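>>> Attaching a predicted model along with its sequence, questions to come.
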Amino acid sequence: MRSTLNGKILAITRSSRDAREFCELIAFEGGSAIALPTIEIVPKEAKLMEEIMAMIFKNRYEYCAFLSPKAVGALYDHANRVCRTDQLTSFLNSTIVVAIGPATMARLAEHDVDVKLVPKVHSSAGLVEMFSKMENLRNKKIVIPRSQASDEFIENKLSAIGMEVDVFFLYTVQTSGITSAWKEFASLLHQKKIDAIVFTSASNVRSFFVIMGKLLSDVPSILKHVRAFITIGPMTHRELNKMGIRSFESTEHTIKGTFELAKAILTN
């Protein structure tokens with residue numbers, strides 16, 4: 001085990017499952033990581049999900065874009081409940097599947113979906129830039145299954161270059177409850193022992209401050225003792241700035257990218 005981050009404690013706004021890669025990277029460098037389950041997925045009711053899936057199957061889309069592993073999970077969870085996973089996989093493999101980044105691509109690969117396009121920059125802006133450089137997209141149809149908490153940036157930009165865009169909201173998000181991990185984090189934060197916090201989405205930023213407001217009385221003052229706030233992409237970066245927190249945005253919009261940035265800051 002290396003000791004680059006020996007004694008350092010970092011937190012990340014993800015569940016234990018989703019934060020596994022980050023925690024392993026931190027542990028390999030001798031540090032400790034705390035996974036903070038910040039949001040919970042609330043899938044649409046079964047009847048509505050079935051209507052969404054029927055509409056997706058009915059239309060002949062040239063492209064299907066997934067913007068997060070959670071969107072993949074929500075769609076396949078419903079397909080599994082109604083015994084239509086094979087049909088869903090067959091449909092997706094008949095289109096050009098786009099994954100916004102490696103984590104989303106990996107989740108699709110678990111279901112034997114062949115991802116054909118991944119933007120170089122793993123963000124909404126990177127996905128739009130990738131499509132804007134492609135030819136013959138006018139009137140091409142793309143479907144985007146996603147969270148209702150997302151904004152209309154991608155939809156508007158792809159429509160502007162002539163694509164026919166259908167967006168289906170598979171789930172909403174709500175703030176997670178207070179777990180033992182949150183209590184441990186709040187205690188360490190109060191003791192000025194948290195070296196860095198990694199934020200992985202704009203909704204995670206908002207829920208983070210809701211939860212912290214329930215745990216500590218003077219959150220802005222206590223957060224001043226954290227050495228670095230790191231965001232995985234531009235939208236998360238902007239959301240954190242709205243909260244008055246100066247943050248560092250990872251150049252590579254991946255968990256590995258946030259880890260490398262955290263390591264560079266904390267070992268400088």
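Received, thanks. Numbers count the residues shown, from 1 in each chain.

>>> Verify the stated contact: residue 251 with residue 237.
No: if you go by C-beta atoms under 8 Å, residue 251 and residue 237 don't touch, sitting 11.5 Å apart. From N, CA and C alone the C-beta is placed, and that goes for glycine too.

>>> Looking only at neighbour counts, state which of these two leads.
Shown here are residue 251 and residue 237; by other C-beta atoms under 10 Å, residue 237 has more neighbours (20 against 10).

>>> neighbours of residue 163, just the number please.
19.

>>> I should have written residue 94 there, sorry.
The tally of other residues near residue 94 (other C-beta under 10 Å) stands at 12.

>>> Packing partners of the helix or strand harbouring residue 230?
Assigning secondary structure by DSSP states H and E places residue 230 in strand 228-231. With contacts defined as 3 or more C-beta pairs under 8 Å, 6 or more residues apart in numbering; DSSP states H and E, the packing partners of strand 228-231 are strand 196-199, helix 234-242, strand 248-249, helix 255-266.

>>> Show which residues not belonging to that strand make contact with it.
If you take C-beta atoms under 8 Å, 6 or more residues apart in numbering as the criterion, strand 228-231 is touched by 195-199, 223, 237, 240, 245-250, 258, 261-262, 265-266.

>>> now do stretch 101-117
With C-beta under 8 Å, 6+ apart as the test, stretch 101-117 has contacts from 66-69, 71-73, 76, 85, 88-89, 92-93, 96-99, 118-119, 122-123, 130, 253-255.

>>> Off-centre distance for it?
14 Å (C-alpha atoms, centre = their mean, to the nearest Å).

>>> Take that stretch, keep the C-alpha atoms, and write them as CSV.
Extracted C-alpha coordinates of stretch 101-117, given in CSV (Å, rounded to 0.1, in the frame of the first residue of the first chain):
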residue,chain,number,x,y,z
GLY,A,101,-19.1,8.4,-19.4
PRO,A,102,-17.3,5.2,-18.4
ALA,A,103,-19.5,4.5,-15.3
THR,A,104,-22.7,4.6,-17.4
MET,A,105,-21.0,2.5,-20.1
ALA,A,106,-20.1,-0.1,-17.5
ARG,A,107,-23.6,-0.3,-16.2
LEU,A,108,-24.9,-0.8,-19.8
ALA,A,109,-22.3,-3.5,-20.4
GLU,A,110,-23.7,-5.4,-17.4
HIS,A,111,-26.8,-5.8,-19.5
ASP,A,112,-25.0,-6.8,-22.7
VAL,A,113,-25.7,-3.4,-24.3
ASP,A,114,-23.2,-2.4,-27.0
VAL,A,115,-22.3,1.3,-26.4
LYS,A,116,-21.1,2.9,-29.6
LEU,A,117,-20.5,6.5,-28.6
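
>>> average model confidence for that stretch?
Averaged over stretch 101-117, pLDDT sits at 95.

>>> what pLDDT, on average, does stretch 137-147 get?
The predicted model assigns stretch 137-147 a mean pLDDT of 95.

>>> cool, stretch 204-214 as well?
Mean predicted lDDT for stretch 204-214 stands at 96.

>>> List the contacts of that stretch.
Against stretch 204-214 from outside (C-beta under 8 Å, 6+ apart): 13-14, 36, 38-39, 173, 175-176, 178, 182, 186, 199, 219, 236, 239-240, 243.

>>> what distance separates it from the centre of its chain?
Centre to centre, stretch against its chain (C-alpha atoms, centre = their mean), the figure for stretch 204-214 is 17 Å.

>>> Equivalent analysis for stretch 238-250, please.
That offset, for stretch 238-250, works out to 16 Å (C-alpha atoms, centre = their mean).

>>> what does stretch 180-197 give?
Relative to its chain's centre, stretch 180-197 lies at 22 Å (C-alpha atoms, centre = their mean).

>>> got a list of contacts for stretch 256-268?
Contact with stretch 256-268 is made by 4-5, 8, 10, 12, 21-22, 25-26, 29, 195-196, 198, 200, 227-228, 230-232, 248, 250-252, as judged by C-beta under 8 Å, 6+ apart.
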